[in-house]
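1. quick one, fold the following:
(2 chains)
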Number of protein chains: 2
Amino acid sequence: MSAVLLQQYREEIRTELDRVVSFWLTYSHDTKYGGFFTCIDKKGQVYDDLKYVWLQGRQVWMYCRLYRTMERFHKQEILQAAKAGGEFLRQFARVPSDSPTWKCAFCLTKDGKPVKIQRSIFSECFYIMAMDELSRVTGDKDMQAEAEQMMDHIIHWVRVDPSELGRTKLPGDEPMNSMAVPMMLLSLVQQLTEERDQDLVEKYRETGHWCVQKILQHIQRGGMAILENVSLEGAELNGCQGRLQNPGHALEAGWFLLQFCGTHGDESLQLAAISKFIEPQFQRGWDKEHGGFFYFLDVDGHCPTQLEWSMKLWWPHCEALIALLMAYNNTKKPTLLDRFTEVYEYTFSHFSDPENGEWFGYLTQEGKVALDFKGGPFKGFFHVPRCLYMCERILDGLLGDKN
Amino acid sequence: MSAVLLQQYREEIRTELDRVVSFWLTYSHDTKYGGFFTCIDKKGQVYDDLKYVWLQGRQVWMYCRLYRTMERFHKQEILQAAKAGGEFLRQFARVPSDSPTWKCAFCLTKDGKPVKIQRSIFSECFYIMAMDELSRVTGDKDMQAEAEQMMDHIIHWVRVDPSELGRTKLPGDEPMNSMAVPMMLLSLVQQLTEERDQDLVEKYRETGHWCVQKILQHIQRGGMAILENVSLEGAELNGCQGRLQNPGHALEAGWFLLQFCGTHGDESLQLAAISKFIEPQFQRGWDKEHGGFFYFLDVDGHCPTQLEWSMKLWWPHCEALIALLMAYNNTKKPTLLDRFTEVYEYTFSHFSDPENGEWFGYLTQEGKVALDFKGGPFKGFFHVPRCLYMCERILDGLLGDKN
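-> Modelled structure (predicted):
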């Protein structure tokens, strides 16, 4: 693979990132109430004004990250929007209650009234990402402290007592290790400790290692499969839930682990990340007939019960691009770059919409656009820009050129 | 349309019903714990042993209805399975609690331990259907009384106070009229009062009329649309939720209303059922390019946010067949029979699997089988046999021949 080709990729990725940022700057800001509209159609029109807390937090995080680390995005417009989003979250995300609560809503009305609460930790996790990254830009120590306090509550819910999440404990509902949870916590540990002082690094060290160990429990079938759900002891579970595979999620876990290796240096972990989580997904999760990664698969070949199992979603492809390029960067193995190229070509030719900007999110198995909006209840300003941002930076490193 | 063609349909439907009943008799019975497996693959193999309460209740109801009203299904094998299913439900469906509760689980382990509870009324509704119909077969008065008591709780939850359902009241979550609720209650009123004494008919008379009025509130846009969700006062709601259309559900509501007219005689209601709920769905919900009914549509032509919006599901086609044939039976309008024929041809050529028995449930927009199992968390022994059963009986009536 020539440097010329890598340079070409970097150019395309840079242009695409500019176009994606521009789309959200133009169409997503609620200048009246603060925060972001995320239900945005093909051409930029808002088709629903509900505000999803996951996506509010992610957009604040991404804006701040771009503002803070990429010169061409160091713009007042981006900073102001991130601050308005942060204020909206601080004012409305945590559910008002008689007693103090750290539980956040999942969905708010445009003016901040809670519509729905999920009995999980994810709204709170994206709240932390927003607050921590925003505090890095503004220097607001209270905000950083709030992020840390929220993190301590989440760790308590996950590792000690989930009862504040509001789920009734049922005899048939065995607690399990769902890969999303340790992945999410690991990325928060990375977020909160990055370039912070040693005390904070120490505070979360054990949690970080616990997350890694919990992620590695998902390597099953003698190393031949990554299963989404395992028992708390790391054993395979019965039924559909136990057999579920999500190739995009495994790829994302792979690069989370590689990133952890980057700060902690651990060769055997790097090897596991690449050889168990990243490389085999191309064999296991790629649709050899039509291209693209399946959304869900059953490890024993049964038909998944998720209606969308065979659809091609944007985000697994985003995760694949990051994972493959990061793995190539770490190892310089040519096959990893070949895989990157293959995913890159499918992704840019199927998801990107150069005419109107941003990416489609949902294709049929055959690669036709099935839902033509650019943002929805689960698609905001996050996976696409994060992918482009990270790939651009990795390519900068590979090309030995930071500008 | 000649009687010969109607006779041909009846033959095919009869054969299909026999094959469907045989599939579930062969593969779905749990002879160890009672109740039914419903996650059953293309050829009959159980791929997950969770027991979904909706589907347990529906299978008991359908077995009893067939046993009670169709001579060729008046078999011990069917009665015994229905009784075993009823016992399983009575033993396990209602969630064990310190205080007496009428709330049922949504999903149980194979041996009856609750896995999940929904904060809605539907598990309880299918529990009633099972108990009432089983009591008609066995003559068990306690069981009938239990069905009635459960009904009284559901009416209380829907019309007076939903707090026992477990939903937190949130300022942004305005109570609304979701069409499924009055539809479900109306069908329960019909179930509980059919051929029962006048006291019971009187007891539920007002609720029945309330349901009809709540269903009619979904006629929106000057009569040009049926919207799934409206305000409690019958006004259109904002956003995706307010614009949602589900053609199969509108068709089902149509025949529920026609059935109500059958016992209550109401010409203007019959006209509304046919001209608002049934006839226009062919224009609004039918895919003119590939055939079949869309699952969801947005009344303003936005893309629905449900990933499966353009898929063709088995049950809307089942509802369409019943609705069109019942409407034809009531009016003898030839266009209704033409529509029936068109839906019949699509349905039998796409969903039915004569090789292995039963129907596929989920097709792509283009009509390819997307999920190849015969039963799953939401597909059991219900929509297909109910459709075939009702169509066979309507055809019996049309052909003037009860055998």
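2. contacts (any at all) between chain B and stretch A:300-316?
-> Yes. Stretch A:300-316 reaches chain B (Cβ under 8 Å from any Cβ of the partner chain) through A:302-305, A:307-311. Just so you know, the C-beta spots here come from the backbone N, C-alpha and C atoms, and that holds for glycine as well.
3. quick one, phi psi at A:Lys379?
-> Dihedral angles phi and psi of A:Lys379 (degrees, to the nearest 10) take the values phi -120, psi 110.
4. nearest spatial neighbour of it, chain-adjacent residues omitted?
-> A:Gly361 (4.4 Å; Cβ to Cβ, 6 or more residues apart in numbering or on different chains).
5. same list, the residues of stretch A:300-316 next to chain B, but as a markdown table with secondary structure, pLDDT and distance to B:Pro280 please.
-> Shown next, in a markdown table, are these (DSSP: H, G, I helix; E, B strand; the rest coil; pLDDT from 0 to 100; distance: Cβ to Cβ, whole Å):
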| residue | secondary structure | pLDDT | distance to B:Pro280 |
| --- | --- | --- | --- |
| A:His302 | coil | 98 | 39 |
| A:Cys303 | coil | 98 | 34 |
| A:Pro304 | coil | 98 | 35 |
| A:Thr305 | coil | 98 | 33 |
| A:Leu307 | coil | 98 | 26 |
| A:Glu308 | coil | 98 | 29 |
| A:Trp309 | coil | 98 | 33 |
| A:Ser310 | coil | 98 | 32 |
| A:Met311 | coil | 98 | 30 |
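6. thinking again about what came up before, wait, the residue nearest to A:Lys379 sits on A:Asp372?
-> No. Contact criterion Cβ atoms under 8 Å: A:Gly361 and A:Asp372 do not qualify, at 9.1 Å.
7. looking at those two, which one has more neighbours?
-> A:Gly361 (24 against 15; other Cβ atoms under 10 Å in any protein chain shown).
8. remind me, longest helix of chain A?
-> Criterion DSSP state H: the longest helix present in chain A is helix A:3-27.
9. tell me the buried residues in that one?
-> Across helix A:3-27, burial judged by 16 or more other Cβ atoms under 10 Å in any protein chain shown covers A:6, A:9-10, A:12-14, A:16-17, A:19-21, A:23-25, A:27.
10. what subset of these is also close to chain B?
-> Of the buried residues of helix A:3-27, not one also sits near chain B (Cβ under 8 Å from any Cβ).
11. tell me which of those is nearest to A:Ala130?
-> Of all those, A:Ala130 sits closest to A:Trp24, with 15.0 Å by Cβ to Cβ.
12. doesn't A:Gln59 make contact with the closest one?
-> Yes. Counting by Cβ under 8 Å, A:Gln59 is a contact partner of A:Trp24 at 7.1 Å.
13. in the stretch 251-400 of chain A, which spans are helices?
-> With DSSP state H, counting those that start in this stretch, the ranges of helices along the stretch 251-400 of chain A come out as A:267-272, A:279-285, A:314-331, A:334-350, A:383-398.
14. list the buried residues of the first one.
-> Of the residues in helix A:267-272, those scored as buried under the neighbour-count criterion (16+ other Cβ under 10 Å) are A:269-270, A:272.
15. just the third one next, same as before
-> Of the residues in helix A:314-331, A:314-330 count as buried by neighbour count, 16+ other Cβ under 10 Å.
16. again, but for the fourth one
-> By neighbour count with 16+ other Cβ under 10 Å, helix A:334-350 contains the buried residues A:336-337, A:339-340, A:343-344, A:346-348, A:350.
17. buried residues in stretch A:58-73, which are they?
-> Neighbour-count burial for stretch A:58-73 flags A:58-68, A:70, A:73 (criterion: 16+ other Cβ under 10 Å).
18. so which of those residues are in strands?
-> With DSSP state E as the criterion, strands contain none of those.
19. the residues you listed: which two are farthest apart?
-> A:Arg58 and A:Met70 (17.1 Å).
20. near chain B, which residues of the stretch 1-150 of chain A show up?
-> A:39, A:41-42, A:47-50, A:95-96, A:105, A:107-109, A:113-117.
21. low-confidence ranges, chain A, go.
-> Low-confidence segments of chain A (pLDDT under 70): A:1, A:401-403.
22. please redo it, this time with the cut-off set to 90
-> Across chain A, the ranges flagged by pLDDT under 90 are A:1-3, A:96-101, A:166-169, A:262-266, A:401-403.
23. could you measure from the residue of it positioned farthest from its centre over to A:Lys113?
-> Note on chain A: the largest C-alpha distance from the chain mean falls to A:Asp98, namely 32.9 Å (Cα atoms, centre = their mean). Counting by Cβ to Cβ, to the nearest Å, the separation of A:Asp98 from A:Lys113 is 17 Å.
24. near chain B at all, stretch A:338-356?
-> No. Stretch A:338-356 lies out of reach of chain B by Cβ under 8 Å from any Cβ, never closer than 13.5 Å.
25. excluding its own residues, what touches that stretch? List them.
-> Identification of contacts with stretch A:338-356 by Cβ atoms under 8 Å, 6 or more residues apart in numbering or on different chains yields A:1, A:9, A:12, A:16, A:19, A:23, A:42-44, A:279, A:282, A:291-292, A:312, A:314, A:317-318, A:320-321, A:324-325, A:328, A:359-361, A:363, A:367, A:374.
26. cool, stretch A:103-118 as well?
-> So stretch A:103-118 is in contact with A:30, A:32-33, A:35, A:37, A:49-54, A:56, A:88, A:91-97, A:123-124, A:127, A:164-166, A:377, B:168, B:170-173, going by Cβ under 8 Å, 6+ apart.
27. out of the buried residues of helix A:3-27, flag the one nearest to chain B.
-> Relative to chain B, the closest of the buried residues of helix A:3-27 is A:Tyr27; by Cβ to the nearest Cβ it sits at 14.9 Å.
28. can you give me the strands for chain A?
-> Along chain A, counting by DSSP E, strands occupy A:39-40, A:46-48, A:51-52, A:107-108, A:114-116, A:176-178, A:219-220, A:225-226, A:229-231, A:244-245, A:297-298, A:312-313, A:362-363, A:369-371.
29. winner for burial among those?
-> Neighbour counts (mean count of other Cβ atoms under 10 Å in any protein chain shown) averaged over each of the strands of chain A peak at strand A:51-52, with a mean of 28.
30. coming back round to it: if I pick the residue nearest to A:Lys379, what's in contact with it?
-> If you count contacts by Cβ under 8 Å, 6+ apart, A:Gly361 has them with A:313-315, A:351, A:371, A:373-374, A:376, A:379.
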